[in-house]
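Trainee: Here is a sequence together with a model predicted from it:
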Amino acid sequence: MKILYFDCFSGVSGDMTLAALLDLGLPLERLQEELNKLGLKNYSLEVRPGSRSGIGALGVEVKVGPREEHHRHFSHIREMISRSSLASGVKELSLVIFRRLAEAEARVHKKSVEEVHFHEVGAVDSIVDIVGTAVGIEFFKPDAIYTSELPMGRGFVQCQHGRLPLPAPATVEVLKGYPVKNVDVEGELVTPTGAAIVAALSSRVGSFPSMKIERIGYGMGKKEFPDRPNLLRLVWGEAPGAWEADRAMVLESNIDDMNPEFYDYLMERLFQGGALDVSLSPLQMKKNRPGILLRVIAEEKDAEALCGIILRESTTLGVRRFPVERRKLPREVREVETRYGKVRVKVSGEVRFQPEYDDCRRIAREKGIPVQEVYWEAMARGKKE
C-alpha cells in the first residue's frame, strides 16, 4: 500500500503543497499541460530551487498580469473546472477543496455558498495551487494520505476584508474537527487554501506512519521563521505487509461503583462521540471488589471529547489514555444478492468475509427463517463475487 504523508511541522499553504509535489517527482511539463486545460490566461508559473536551514527545496510562484481578475464567485470556479478537459478525478478533488473553502467563507460572512465572493482564494494563483495539487495526487495515486497535526501561528494578517486575526477565520472554519496545536510563532503558518487541501485529503491525522520511505519532497514557503525551516515535507513510501498501519488512542477506566444499567447508555454515548470500539471486561479490584474495565479505542482527534463523556456519564474519577499502533487488513463493504434479498458483506483482505448481522437479522424476521440460513448464504455469495 502506497502512503503519502504530509509532515506539516511549519504549517501548509497551497504553493508549498504544489512545490512539494513537484520536488517529490511530479513532472513540471505534466503539471503545465494539465493547468492549460483550465483556459486561464495572463499568468506564468515560476518554479525556483532554494533552501531553508540548509535543506534544499522548491518554491512555486504564480506571476499574474495586471488585467487578471482577482475576484470570483464559487459558481464561476465550479463552472471553469467542470467545463475543462481535466480528468474526472482531478475535477472532483479540486471541487471538493474549493467547496470546503466556500462553505467556510459562507459561515464566516453569514452568507450562502452561492453568494460567496472569493477574494484571495478566487485569484488565479489559488486556482493554480488547488488544481495543481489535484493533478499531483492524480499523478501519484496514493492508496492513503496521512497528515500531521497543524501548527497554529498567532498575530494578524492584512487581506481584502481588512486586518484579521491569526489563524484566519476561514482557516479555523475549514479545520473544524481537525487536530491542531499551538506554537509560539508570529505569523500565518496555515493558510485557508492549505487547510482546505489537508482537510480534504487526509484519511488519518497523527505522527509519522510506519512505512518504507521511498522518496521525499520539500515545498518552500515565502517567509522565514527564526525557530523553524518554513517547509512542507511530503514523504512517499510503502506500508509494511499487506495490511494498513495507523495509530489510535486507548482510553481506560476501572469502575466498581456504578449501576450496571448505566453501561448501555454510556456505550451508546461513546459510539455517538466517535469511538471505534468500546468494551467492558470483568475484573477483581482492591479489597476483592468486583469491577469493570472500560476500554475505548478512538482516533486521536476524538480522544479528548470521549474522555469528557466517560467522566460525565460514569462514576469514575479518572481516565488513562495512551497511544497505540494498529495493523489492519484493508476492508470494504460490498452488497451481495441472496435469494432472500440484498445483504451487505464486510470484506477484509482476500479471504475474510463477514455478512452484516443487522441485515441478516432483518431478513430473517421478515421471511420467518433462521438467521443463520441468511448468514451462510450471504457468506457463500460474498466469496463467489
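Mentor: Perfect, I can see it now.
Trainee: where in the chain is pLDDT low?
Mentor: 66-71, 117-122, 160-161, 241-242, 349-351, 383-385 (pLDDT under 70).
Trainee: I'd like to know which elements the longest strand belonging to it is packed against.
Mentor: Secondary structure assigned by DSSP state E gives strand 244-255 as the longest strand of the chain. Using 3 or more Cβ pairs under 8 Å, 6 or more residues apart in numbering; DSSP states H and E, the elements in contact with strand 244-255 are strand 290-298, helix 303-313, strand 320-328. For the C-beta atoms, the positions are set from N, CA and C on the backbone; glycine is no exception.
Trainee: From Ala134, how far out is Val113?
Mentor: Distance, Val113 to Ala134, by Cβ to Cβ, to the nearest Å: 20 Å.
Trainee: What helices and strands are in contact with the strand or helix carrying Leu58?
Mentor: Using DSSP states H and E, Leu58 sits in strand 55-64. Judged by 3+ Cβ pairs under 8 Å, 6+ apart, strand 55-64 is in contact with helix 14-24, strand 43-52, helix 124-140, strand 212-220.
Trainee: which is the next helix or strand following that strand?
Mentor: strand 72-73.
Trainee: That following strand pairs with which strands, parallel or anti?
Mentor: Take DSSP bridges as the rule and strand 72-73 pairs in its sheet with strand 117-118 (antiparallel).
Trainee: which parts of stretch 319-333 are buried?
Mentor: Buried residues in stretch 319-333, counting neighbours by 16 or more other Cβ atoms under 10 Å, are found at Val319, Arg321.
Trainee: And for it, what's in contact with it?
Mentor: Contacting residues not belonging to stretch 319-333 are listed as 1, 210, 241-253, 297, 300, 303, 307, 310-311, 344-349, 352, 356 [Cβ atoms under 8 Å, 6 or more residues apart in numbering].
Trainee: Emit the PyMOL select command for whichever of the residues you listed are buried.
Mentor: Burial among the contacts of stretch 319-333 is assessed by 16+ other Cβ under 10 Å; the matching PyMOL selection reads:
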select buried, resi 1+210+244+245+246+247+248+249+251+253+297+300+303+307+310+344+345+347+356
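Trainee: Got the phi and psi for Glu188?
Mentor: phi -90, psi 110 (degrees, to the nearest 10).
Trainee: For it, give me its contacts.
Mentor: Contacts of Glu188 by Cβ under 8 Å, 6+ apart are Gly11, Gly153, Gly155, Val157, Leu166, Pro167, Ala168.
Trainee: now do Gly89
Mentor: By Cβ under 8 Å, 6+ apart, Gly89 lies in contact with Ala134, Glu138.
Trainee: repeat that with 6 Å
Mentor: Glu138 (Cβ atoms under 6 Å, 6 or more residues apart in numbering).
Trainee: again, but for Ser314
Mentor: Shown in contact with Ser314 (Cβ under 6 Å, 6+ apart): Ile255, Met258, Leu266.
Trainee: make it 8 Å
Mentor: Contact analysis of Ser314 by Cβ under 8 Å, 6+ apart lists Ser253, Ile255, Met258, Phe262, Leu266, Leu294.
Trainee: what does Arg344 give?
Mentor: Taking Cβ under 8 Å, 6+ apart, we find Arg344 in contact with Val333, Arg334, Glu335, Val336, Pro355, Glu356, Asp359.
Trainee: Going by neighbour count, which of those comes out on top?
Mentor: Neighbour counts for the contacts of Arg344, by other Cβ atoms under 10 Å, peak at Pro355, which reaches 23 neighbours.
Trainee: how near is it to Val347?
Mentor: When Pro355 is compared with Val347 (using Cβ to Cβ), they lie 11 Å apart.
Trainee: which neighbours do the two share?
Mentor: With Cβ under 8 Å, 6+ apart, Pro355 and Val347 have common neighbours Gly382.
Trainee: Check this protein for its longest helix and report it.
Mentor: The residue-count maximum for a helix in the chain (DSSP state H) belongs to helix 88-109.
Trainee: Just the buried residues of that one, please?
Mentor: In helix 88-109, counting by 16+ other Cβ under 10 Å, buried: 90-91, 93-108.
Trainee: Sounds good, over and out.
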